[in-house]
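>>> task: produce atomic coordinates for the following.
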Amino acid sequence: MAEIISIKTLLEMNLFIPNYQRPYKWSDKNVSDLLGDLDNAISESDKYKNFKYRIGTIILYKETGKEKYDIVDGQQRILTLILLRLYLENSFSCELIKTEFSNKTSQFNINNNYRFIKDWFALKSDVYKTRIKDSFEKILEVVFIAVNNEQIAFQLFDSQNTRGKALDPHDLLKAYHLREMKNYPYDMQYVVTKWEAFSSREIKELFELYLFPILQWTKRVKCFSFTSNDIDVYKGISENSTYTYAKRTSKAMPFFQIAETFIAGSDFFGMVEHYLQLLDDVKTEIKTKACFSEIQEVFNNVSKNSMGFLYAKNLFFCSILCYYDRFKDFDERVVKKLFSWAFMLRVDLNRLGFDSINKYAIEEDGQNRYSNSIPMFSKINRARLHSEIANMKIAFLRDSDKAEDEQWSSLYEMIKELNGYGTGRQK
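Numbers count the residues shown, from 1 in each chain. Just a heads-up that it's a prediction; the model follows:
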């Protein structure tokens, strides 16, 4: 049976954490997100009469004849809300508080998160604290599902969490930015229609293979898989923000830069469309312009089964997109230099994995292994003129004058020829 109940009612139930539950793993980042949601809920309740904020779904199992409820899904949220209520109301008591947590991870996170909550509220007024406490009964609610069949409880859990895990980060961002547009219903319908015109795979690859790596490498930070834990970097800034940088950002719209933030809401959808088009423009230029025919020939002839080669190819397109995004210029010299920079890494190494790509992109060690040691994305992002990139010195001649692995000899010769050191030319 499913029903909607207040958080106050939920926390005062006879809840129990069964032994099969995983440890309490929420970090202060999770707690910060929850507190931010509660803060927004308070603000929204000032605008709309009878406003309610729903904090997900809780699944409980109640064995016939017993009074306690086993928590099947929702343990992390419930324990965090109990910590919050304990801070706001010292006299609060419930059965779950009596639980003895023997797991070291749970112990650490419970203590750490309570301290975080205490720090978060340190400068808040007593009036604000009272409003948060009252929200447990008046504003905050959950979908409460209690069943008396344990197998059904786990089926519900599996179903809900499978659906949740299937949501890609870009889907979560779509939902977030649509919520930011709740005051503009017609605009919401328009951006959803445009969003649906693109395939989910296109959007997923845009973030995974291009936007997120470029953003990280520009900051000289390693890039790993783009997950739901990383979506904050694409939440933008509220249109009502009074931050100085937010005001500058607002005036800059609708122009986008990969390394810069944007206004939350409709501009997110505009950004996605913009970079899908920009990426297509970049790839079309490389594919169709006669001056890049040697580059396209390499792409056409090299085995698509070589993962190291594909890593280098993606590194090249990331660097081109980063450059074009900043200068909106397609200088032939720049393209050929970025190609040489990216693919000399393939020539330099016997085995090329993504860890080497990461280190190379941000210039982290390996100076003796690579012909080039340039934090390319950071350099592009800091360049004032496009000529600073066009005039870069790229090393394309190895001391041994041969590729580290013989299978890349033709690639090495092509890079030399691209830079004017072809057959019959002198070094």
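>>> what lies in contact with the biggest helix by length in the chain?
Longest helix of the chain, by residue count under DSSP state H: helix 266-288. The contact list for helix 266-288, computed with Cβ atoms under 8 Å, 6 or more residues apart in numbering, reads 170, 173, 177, 181, 184, 187, 191, 194-195, 198, 202-203, 206, 210-211, 234, 236, 253-254, 256, 258, 262, 292, 295-296, 317, 320-321, 324-325, 330, 335. Every residue, glycine included, has its C-beta placed from N, CA and C.
>>> Gln21: what's it in contact with?
Per Cβ under 8 Å, 6+ apart, neighbours of Gln21: Ile71, Gln75.
>>> try the one 4 residues further on
The neighbours of Lys25, taking Cβ under 8 Å, 6+ apart as the test, are Gln76, Thr105, Asn109.
>>> could you list the low-pLDDT ranges of this protein?
Residues of the chain that meet the criterion pLDDT under 70 lie in 1, 20, 149-167, 303-304, 365-367, 422-427.
>>> now do 80
Regions of the chain meeting the criterion pLDDT under 80 cover residues 1-2, 18-22, 62-67, 146-167, 182, 302-305, 365-368, 422-427.
>>> which residue ranges make up the domains of it?
2-166, 175-418 (automatic domain parsing).
>>> roughly how far is stretch 376-395 from the heart of the chain?
Mean-position distance between stretch 376-395 and its chain equals 27 Å (Cα atoms, centre = their mean, to the nearest Å).
>>> just the helices in the stretch 51-200 of the chain please.
In the stretch 51-200 of the chain, the helices defined using DSSP state H, counting those that start in this stretch lie at 75-88, 104-120, 126-138, 150-166, 169-179, 185-196, 200-205.
>>> which elements pack onto the shortest one?
Here helix 200-205 touches helix 169-179, helix 266-288, going by 3 or more Cβ pairs under 8 Å, 6 or more residues apart in numbering; DSSP states H and E.
>>> buried residues in the longest one?
Taking 16 or more other Cβ atoms under 10 Å as the basis for neighbour counts, the residues of helix 266-288 that come out buried are 266-273, 275-276, 278-279, 282, 286.
>>> the shortest one too?
Neighbour-count burial for helix 169-179, counted by 16+ other Cβ under 10 Å, picks out Pro169, His170, Leu172, Leu173, Lys174, Tyr176, His177, Leu178.
>>> show the contacting residues for the residue nearest to the spatial centre of the chain.
Centroid check for the chain by Cα atoms, centre = their mean gives Asp230 as the closest residue, at 2.7 Å. Contact analysis of Asp230 by Cβ under 8 Å, 6+ apart lists Pro169, Phe212.
>>> surely it forms part of a helix?
Yes - using DSSP: H, G, I helix; E, B strand; the rest coil, the assignment for Asp230 is a helix.
>>> from Leu211, how far off is it?
11 Å (Cβ to Cβ, to the nearest Å).
>>> also Met13?
Distance from Met13 to Leu211, by Cβ to Cβ: 44 Å.
>>> out of those two, which sits in the busier spot?
Leu211 (23 against 20; other Cβ atoms under 10 Å).
>>> that's a strand at the more buried one, yeah?
No - applying three-state DSSP, one finds Leu211 to be helix, outside a strand.
>>> show me what contacts it?
Contacts of Leu211 by Cβ under 8 Å, 6+ apart are Ile258, Tyr275.
>>> can you pull out the strands in this structure?
With DSSP state E, the ranges of strands along the chain come out as 2-6, 15-16, 53-61, 69-73, 140-147.
>>> any figure for the gap between Val147 and Ile55?
Separation of Val147 from Ile55 (Cβ to Cβ): 20 Å.
>>> actually Lys219, not the one I typed
Counting by Cβ to Cβ - Lys219 and Ile55 are separated by 33 Å.
>>> who has more neighbours out of these two?
Ile55 (19 against 15).
>>> nearest spatial neighbour of the more buried one, skipping sequence neighbours?
Val142 (5.4 Å; Cβ to Cβ, 6 or more residues apart in numbering).
>>> isn't Asp348 right up against Tyr370?
Yes - contact criterion Cβ atoms under 8 Å: Asp348 and Tyr370 qualify, at 5.3 Å.
>>> check contacts around Ser250.
With Cβ under 8 Å, 6+ apart, Ser250 has these contacts: Glu239, Ile263.
>>> the closest residue to Leu315 other than its chain neighbours: neighbouring residues, count only.
Distances taken as Cβ to Cβ, 6+ apart put Ala342 closest to Leu315, at 4.5 Å, once the chain neighbours are dropped. Other residues near Ala342 come to 26 when the count uses other Cβ under 10 Å.
>>> Ala342 contacts Tyr311, doesn't it?
No - with contact defined as Cβ under 8 Å, Ala342 does not count as touching Tyr311 (9.3 Å).
>>> buried ones in stretch 38-53?
Here stretch 38-53 shows Leu38, Ala41, Ile42, Ser45, Tyr53 as buried, counting by 16+ other Cβ under 10 Å.
>>> swap that for stretch 220-229, please
Neighbour-count burial for stretch 220-229 flags Lys222, Cys223, Phe226 (criterion: 16+ other Cβ under 10 Å).
>>> what distance do you get for the last one to Phe269?
When you say that, I think you mean Phe226. 18 Å.
>>> equivalent analysis for the second one, please.
Here the distance between Cys223 and Phe269 works out to 24 Å (Cβ to Cβ).
>>> do Ala175 as well
12 Å.
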